[in-house]
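Peer 1: A predicted structure for the sequence below; I have some questions about it.
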Amino acid sequence: MSLLSVRGLRAGYGLVEVLFGIDLEVDEGELVVVLGSNGAGKTTTLRAVSGMIEAQGEILFDGQRMNGKRPDQFLAAGIAHVPQGRGTITDLTVEENLRIGAWTRKDGEVAADIDRWYETFPRLGERREQLAGSMSGGEQQMLAIARAFMSRPRLLLLDEPSLGLAPLVTAEVVDRLRSVTAETGAAVLLVEQNADLALGFAGRAYVLEAGTIALSGAAADLKGDEQVRRAYLGF
Amino acid sequence: MNNFLQVLVVGIGDGAVYAMLGLGLVVIYRSTGLLNFAQGELAMFSTFITWTIWEVGVPLPLAVLGGMVGGFLVGALLHQVAVRPLGDPHLRPLATVIVTIGLFLAVNGAAQLIWGTLDKDFPKLFGEGQITLGGVAIAWQKIGAVLVLALMVLGFWFLFQRTKIGLAMRAVASNSESSALVGVPVPRLLMLGWGLAAAVGTVAGVFTAPGLGLGSNLMQLTLIFGFAAITLGGFDSPLGAVVGGMVVGIMTSVLPQYLPIFSKMRLAPAFLLILLVLLFRPQGLFGRKQVERV
Amino acid sequence: MSTSAHDRTARERWVRGGIWLAVAVVLLVLPTQFPEFRVEQFCSWMALAVAACGLNVLTGYNGQISVGHGALYGVGAYTTAILITKAGWPMLAAAVAAAVVCFVVGVVIGLPALRIKGLYLALVTLAVATLFPLVIEQFPGLTGGSNGLAITSPRLYRGVVRDKPIVFEPAFGLAGDQWKYYLFLAATVVCFLLARNLVHSRMGRSLVAIRDNETAAEVSGVPVATVKILTFGISSALAGVGGAIFALNNARVNPSSFTIVVSIYLLVAVVTGGAASIVGPAIGAVLFGVFTDVVSPSLPARYQPATPVILGVLLIVLMLTAPGGIVGIAQSLRTRATARRLRSSSEGTTGPATAA
Ligand SMILES: Nc1ncnc2c1ncn2[C@@H]1O[C@H](COP(=O)(O)OP(=O)(O)O)[C@@H](O)[C@H]1O
Ligand SMILES: [Mg+2]
């Protein structure tokens, strides 16, 4: 049974419908990407899957029905969400961002976990007392990812990490992300417009067009697909 | 010179009270982004609660604690029923102003309904005594106000810098969506902010009431002084509220000595201060967020 | 189908006409049916309605929030009172002067309001409203200070000139209060028609465009600064006329009549009636008047402060559930009724069509 299973997901904002019945699966520890152009509904999909907005259809996580639950219940179940634009809390320091990331945890290992992420992301370790808002985009993206992992998720939702980052920085972020997932065994549902990057990272991919899944399959297959190449890879 | 020092002392004592009300306004502005025009009325209401508890024979300091608890509950409740359903104040400024104005009316009327329209004598928390230092008389009440303000600042510092709840409150103030994403119960923290602001306001009311007499209009002038304090200090800066409160207190107490026109219009310099700061330095002395103006 | 839709709008026009006619008849008959003190209360409702109309132009249509219109109302009232009492002006001239003075004051306030907006403008105007009565008390020579000022005009009485409180003499077979009522009614109607024409003019569209999106308005060529300043002036002038009516009606002015509470009541009138609709403030003012002058005094003294509680709660509930006020509620009821009628009539027309 897959870790996350979404069936017939419909969502929108007020009277505006954005998603028209989406089916998605993510297995334990799997890296999956959702590709789609601007406005396709990628962000909306992630917001529905982390309980930020109401949605119809079925959201099963670890076999448990999540519809109608609060965001903190999604989080407690093991779904962490790094929103588009990173969502670091800019008026808090790096360390405070990590501590707030552990808000739902009641165990005594928070401090040890923070130290562990400082080892994985040394650049964060060097800037513990710095305000998050004063860091570079790449550093903030790493902080956002580390903060999400502070809740010890089994599934990470990651929304366009490449946005506004230089290619080299993006490569570094993805590199770190790969080693973190290997280390923790967490699954990732990545949303991207940058197909080249995303297909290199993920094992499986979906293509979202105007609120419906237009294509899906193994990342390698999609990379070779004529249609995808033309629409998203630009060659 | 002595006269100047005397006036200065009075100003510092008043300023401490403005700072207390200002601190409450800052807590609300930081967490919910709104200017709470009902803050003064909430303070008045919980001062009445304090008075009621004191009247039945409870020592005043305990009664003040009771009033703070009462104020906390009223503030938290009003946030839940009236403010929370509004959404982002800067998207609906008119609705936000109207709701806080509605609270102003309702709380003011409620106080009159419950406690009548006759002003009450209110005792001084630190008694009637005074000490004389180098020819300057300093009332214990003034010293007490400054001490209480210092305690309050210490308390806020501890809450915001040293506790998990305080960290979460700062997180919500900075970015409520991201805070929700890490599981912070945003609405409950906003409610907490309103409760705290009202509790702090109680103390401002307790220091204002002995001079003016406790009536439903108790805090209407103090509210403007409190707003002047945080406009100068910066709407989102607790430090600014304290510094701003002191400046406003000293200014409104010293200025009339040289410009007699202000002696019965102590509000006028405070008003000019609000106007000038908003025009020329809308973020105030210590504020970080850019106040919208373009 | 199109003809029946046409019939419907024609019918709606008839209904509207009928309602207005009924309102006009009631307004004209009112002073003949009530004792003098009531008629004077009606006059004070008109004063409030005109000032609320002014506030609505600024806040409802243009989106500039003023919690200080009570002060402008006061400036209008004091200008009228001082010009009559101290300078011997005739009433009408004094009232017109009040409008002009308030226009100028409004323009002066409008200038800083170009940079101070939203909640912050509300703060500044709140401070103005709180400050106003204190300023009035500072100049007793002119304003009568905290004792207020009885509005008097010199009268020759058996060879001696004496200051007598102004009164509206009986005229045209009308009692003094009735004559006063009709005069104020005419002024009120003129003010509301002026506001209506303003709102439906090119400038009116600019007002709304600025409220909805200032940057977009600027880009599409609206002279934003000029329009906003003018709006502040016009809105204040209307508040001033309201104040003039208030002063003439009471024949005296007191600083305590122009506290922050009046500014709040003006907002209450605008919001309960319906911001950004012309008749809204009038409905709100009447509702408010009924509350404070009829309902509240009928309560035991102990429970009279219930009025602000009810008004405050009403304000909050309206804002959270029906931001369009009473007019908004009426409009949504009407569109719902129209939709229902359209639906049932379209069922009626498709029914036989499919049968045929
Ligand atoms: N808060 C919102 N309110 C209304 N419409 C929105 C909102 N957020 C997104 N939309 C609309 O939903 C559609 C999908 O948006 P989004 O999910 O952000 O797309 P993507 O992330 O793929 O670029 C777009 O047409 C966008 O305009
Ligand atoms: Mg997106």
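Peer 2: Structure's in. What do you need? Numbering: from 1, shown residues only, chains lettered A, B, ... in the order given. Ligands and ions are numbered 1, 2, ... in the order given.
Peer 1: What distance do you get for residue A:153 to chain C?
Peer 2: Going from residue A:153 to chain C by C-beta to the nearest C-beta, to the nearest Å gives 37 Å. Every residue, glycine included, has its C-beta placed from N, CA and C.
Peer 1: what residues are up against that residue?
Peer 2: By C-beta atoms under 8 Å, 6 or more residues apart in numbering or on different chains, the contact list for residue A:153 reads A:75, A:78-80, A:186.
Peer 1: Quick check: nearest residue in space to the residue in the stretch 51-200 of chain C positioned nearest to ligand 1, chain neighbours excluded?
Peer 2: Nearest residue of the stretch 51-200 of chain C to ligand 1 (C-beta to the nearest ligand atom) works out as residue C:118 at 21.3 Å. Residue nearest to residue C:118 in three dimensions, not counting chain neighbours: residue B:93, with 3.9 Å by C-beta to C-beta, 6 or more residues apart in numbering or on different chains.
Peer 1: give the contact list for the residue nearest the centre of chain A.
Peer 2: Centroid-nearest residue in chain A, with C-alpha atoms, centre = their mean: residue A:158, separated by 1.5 Å. Contacts for residue A:158 (C-beta under 8 Å, 6+ apart) come out as A:82, A:145, A:148, A:177, A:188-191.
Peer 1: what does residue A:217 give?
Peer 2: Shown in contact with residue A:217 (C-beta under 8 Å, 6+ apart): A:204-205, A:225.
Peer 1: What strand or helix carries it?
Peer 2: Secondary structure assignment for residue A:217, by DSSP states H and E: strand A:212-218.
Peer 1: Dump that strand to PDB, keeping only the CA atoms.
Peer 2: Provided in PDB are the C-alpha atoms of strand A:212-218 (Å, rounded to 0.1, in the frame of the first residue of the first chain):
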ATOM      1  CA  THR A 212      -5.800  17.500 -14.400                       C
ATOM      2  CA  ILE A 213      -3.100  14.900 -14.700                       C
ATOM      3  CA  ALA A 214      -2.100  14.900 -18.300                       C
ATOM      4  CA  LEU A 215       0.700  12.300 -18.200                       C
ATOM      5  CA  SER A 216       2.400  10.100 -15.700                       C
ATOM      6  CA  GLY A 217       5.200   7.500 -15.600                       C
ATOM      7  CA  ALA A 218       8.800   6.800 -14.700                       C
END
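Peer 1: Show me which parts of the helix or strand following that strand are buried, residue by residue.
Peer 2: Where DSSP H and E defines the elements, the next helix or strand beyond strand A:212-218 is helix A:219-224. Buried positions in helix A:219-224, judged by neighbour count with 16 or more other C-beta atoms under 10 Å in any protein chain shown: A:219, A:222-223.
Peer 1: do the same with stretch C:248-256
Peer 2: Residues C:248-250, C:252-255 are the ones in stretch C:248-256 that count as buried (16+ other C-beta under 10 Å).
Peer 1: Name the member of the contacts of residue A:217 with the most neighbours.
Peer 2: In terms of neighbour count, residue A:205 stands highest of the contacts of residue A:217 at 28 neighbours, by other C-beta atoms under 10 Å in any protein chain shown.
Peer 1: quick one: contacts for residue 75?
Peer 2: No chain specified, so I'll use chain A. Contacts of residue A:75 (C-beta under 8 Å, 6+ apart): A:50, A:104, A:151, A:153, B:181-183.
Peer 1: That was the other one, I meant chain C.
Peer 2: Applying C-beta under 8 Å, 6+ apart, one finds that residue C:75 lies in contact with C:98, C:101-102, C:105, C:132, C:236, C:240, C:243.
Peer 1: what do you get for residue A:32?
Peer 2: Residue A:32 touches A:24-26, A:187-190, A:202-206, counting by C-beta under 8 Å, 6+ apart.
Peer 1: Could you pick out the buried ones from the residues you listed?
Peer 2: Among the contacts of residue A:32, those classed as buried by 16+ other C-beta under 10 Å are A:24-26, A:187-190, A:202, A:204-206.
Peer 1: Export these as TSV, with columns for pLDDT and distance to chain C.
Peer 2: Listed next are the buried ones among the contacts of residue A:32 as TSV, based on pLDDT from 0 to 100; distance: C-beta to the nearest C-beta, whole Å:
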residue	pLDDT	distance to chain C
A:24	94	37
A:25	94	42
A:26	96	40
A:187	96	42
A:188	96	39
A:189	96	36
A:190	95	35
A:202	89	41
A:204	93	43
A:205	93	39
A:206	93	37
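Peer 1: Now go through those residues and say which are in strands.
Peer 2: Using DSSP state E, the subset of the buried ones among the contacts of residue A:32 located in strands is A:24-26, A:187-190, A:204-206.
Peer 1: and which of those residues is nearest residue C:18?
Peer 2: Checking those against residue C:18 by C-beta to C-beta gives residue A:24 as the nearest, at 60.1 Å.
Peer 1: so what's that closest one up against?
Peer 2: With the criterion set at C-beta under 8 Å, 6+ apart, residue A:24 makes contact with A:4-6, A:9, A:32, A:34, A:45, A:49, A:189, A:206, A:213.
Peer 1: What's the separation between it and residue C:68?
Peer 2: Here the criterion is C-beta to C-beta, to the nearest Å. By it, residue A:24 lies 55 Å from residue C:68.
Peer 1: before we move on, what about residue C:211?
Peer 2: Distance of residue C:211 to residue C:68, given as C-beta to C-beta: 19 Å.
Peer 1: So for these two, which sits in the more crowded spot?
Peer 2: With neighbours defined as other C-beta under 10 Å, residue C:211 and residue C:68 compare such that residue C:68 has more, 29 against 20.
Peer 1: Which strand or helix spans the closest residue to the more buried one other than its chain neighbours?
Peer 2: Distances taken as C-beta to C-beta, 6+ apart place residue C:125 nearest to residue C:68, at 3.2 Å, with adjacent residues excluded. Counting by DSSP H and E, the element that carries residue C:125 is helix C:118-138.
Peer 1: helices and strands around that helix, which ones?
Peer 2: Applying 3 or more C-beta pairs under 8 Å, 6 or more residues apart in numbering or on different chains; DSSP states H and E, we find helix C:118-138 packed against helix B:93-115, helix B:220-233, helix B:267-280, helix C:69-87, helix C:91-113, helix C:260-273.
Peer 1: what angle sits between that helix and helix C:69-87?
Peer 2: Between helix C:118-138 and helix C:69-87, the angle comes out at 30 degrees (axes from the mean of the first three to the mean of the last three C-alpha atoms, to 10 degrees).
Peer 1: Identify the residue nearest the geometric centre of chain C.
Peer 2: Centre-most residue of chain C, counting by C-alpha atoms, centre = their mean: residue C:52, 2.5 Å.
Peer 1: Count the residues that sit near residue 177.
Peer 2: I'll assume chain A. With other C-beta under 10 Å as criterion, residue A:177 counts 23.
Peer 1: ah, I was thinking of chain C
Peer 2: Under the neighbour criterion other C-beta under 10 Å, residue C:177 is assigned a count of 22.
Peer 1: Right, I'll leave it there.
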